[in-house]
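Novice: this one's structure only:
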């Protein structure tokens, strides 16, 4: 019979933190749409997006600093909104003293399935201060309708005679 010796964690919280960091690094590679090692060499990136809606519209805001409008392609096919773009590396900035380049360059694609309540005909795209805002109006039948409650006039009470 083989006996195995149980060795408890040396520092419970420290070991859990190390394990958590290792798991996070593994899952970050899966969370990115591009393959981790190839994409870093190519410089692809995925811009962050905020999506919110109110009674009249659906709004998407993407962070796209340094991307010109000529380098954006926004399309709606069926119920799918696709945004493609490219941030080009600025070759004229190449200097001998570059120590680090952390900004991502390359192309990106983001796709979103639109709800049936959104009109694909009424779309506005505005880029300001490095943020692309896409506003999609909701269909009139999807907008909430307030229904007024009518108060009926109370009829005069009828006199009922009692018969004995």
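Specialist: Cool, the structure landed. Predicted, not measured: the structure shown is a model, and the values here were computed from it. Numbering: from 1, shown residues only.
Novice: Helix or strand for residue 22, just tell me which one.
Specialist: helix 12-31 (DSSP states H and E).
Novice: Could you do residue 133 as well?
Specialist: Per DSSP H and E: strand 131-138 holds residue 133.
Novice: List the buried residues for that strand?
Specialist: For strand 131-138, burial by neighbour count (16 or more other CB atoms under 10 Å) applies to 132, 134, 136, 137, 138. Where C-beta positions appear, they are placed from N, C-alpha and C, glycine not excepted.
Novice: What helices and strands are in contact with that strand?
Specialist: Where contact means 3 or more CB pairs under 8 Å, 6 or more residues apart in numbering; DSSP states H and E, strand 131-138 is packed against strand 57-63, strand 80-87, strand 118-128.
Novice: picking up where we left off before, so which of the buried residues of strand 131-138 comes closest to residue 78?
Specialist: residue 136 (14.0 Å; CB to CB).
Novice: per-residue pLDDT, residue 119?
Specialist: On pLDDT, residue 119 comes in at 90.
Novice: what about it, distance to residue 135?
Specialist: Per CB to CB, to the nearest Å, residue 119 is found 11 Å from residue 135.
Novice: now residue 107
Specialist: Residue 107 is 24 Å from residue 135, where distance means CB to CB.
Novice: For this protein, which helix or strand comes out least confident on mean pLDDT?
Specialist: Using mean pLDDT, DSSP states H and E, helix 36-42 stands out as the lowest-scoring helix or strand of the chain, at a mean of 38.
Novice: neighbouring contacts of the very next helix or strand once past that helix?
Specialist: Later in the chain than helix 36-42, the nearest helix or strand by DSSP H and E is strand 49-53. Residues outside strand 49-53 that contact it (CB atoms under 8 Å, 6 or more residues apart in numbering): 58, 59, 60, 61, 62, 63, 110, 112, 138.
Novice: Give the rounded mean pLDDT of the helix holding residue 22.
Specialist: On average, helix 12-31 scores 66.
Novice: All good on my end, thank you.
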